[in-house]
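J.: attaching a predicted model along with its sequence, questions to come.
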Amino acid sequence: QILLYSWLLVPVTVIFGAAADLGAIYVAVALVGGGVFLALATRLRSSDGIAGAQRLFRYSIVYLGVLFVSMAVDRLVLA
């Protein structure tokens, strides 16, 4: 389920950038960060255990924060 939700997360974040009229900074962060997210989720599926789950959880918090910052930076650059 984690891997499925991760594969759904990346397109949703990229589509959100288009829907919210955000620019290249946000899209780049969403794609690169989403790629890392998918890599960690795939690694977790390969029996990375509790340590891998904790790593993915910590990364998800950082990823969300970086997405929000990139939205603000994108808006400042576009203004």
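T.: On my side now, so go ahead. Numbering: from 1, shown residues only.
J.: which helices and strands does the helix or strand harbouring residue 13 pack with?
T.: Residue 13 belongs to helix 2-19 when elements are defined using DSSP states H and E. Counting contacts by 3 or more CB pairs under 8 Å, 6 or more residues apart in numbering; DSSP states H and E, helix 2-19 is packed against helix 24-45, helix 49-78. For every residue, glycine as well, the C-beta is placed using N, CA and C.
J.: highest average neighbour count across those?
T.: Compared across the helices and strands packed on helix 2-19, helix 24-45 shows the largest average neighbour count, a mean of 17 (mean count of other CB atoms under 10 Å).
J.: can you list contacts of that helix?
T.: Helix 24-45 is contacted from outside by 2-3, 6-7, 9-10, 13-14, 16-17, 52-53, 55-56, 59-60, 63, 66-67, 70-71, 73-74, 77, using CB atoms under 8 Å, 6 or more residues apart in numbering.
J.: let's see it at 6 Å
T.: 2-3, 6, 10, 13-14, 17, 52-53, 56, 59, 63, 70-71, 73-74 (CB atoms under 6 Å, 6 or more residues apart in numbering).
J.: likewise stretch 51-66?
T.: Residues from elsewhere that reach stretch 51-66 (CB under 6 Å, 6+ apart): 33, 37, 40, 44.
J.: show me which of these is closest to residue 21.
T.: The closest of the contacts of stretch 51-66 to residue 21 turns out to be residue 33 (CB to CB; 19.7 Å).
J.: could you measure from that closest one over to residue 66?
T.: In this structure, residue 33 and residue 66 are separated by 6 Å, where distance is defined by CB to CB, to the nearest Å.
J.: over to residue 49?
T.: According to CB to CB, residue 49 stands 26 Å off from residue 66.
J.: mind pulling up the pLDDT for residue 1?
T.: We have a pLDDT of 89 for residue 1.
J.: how many neighbours does it have?
T.: 5 (other CB atoms under 10 Å).
J.: cool, residue 12 as well?
T.: A count of nearby residues for residue 12, using other CB under 10 Å, gives 12.
J.: residue 53 versus that one, what's the distance?
T.: Distance, residue 12 to residue 53, by CB to CB: 22 Å.
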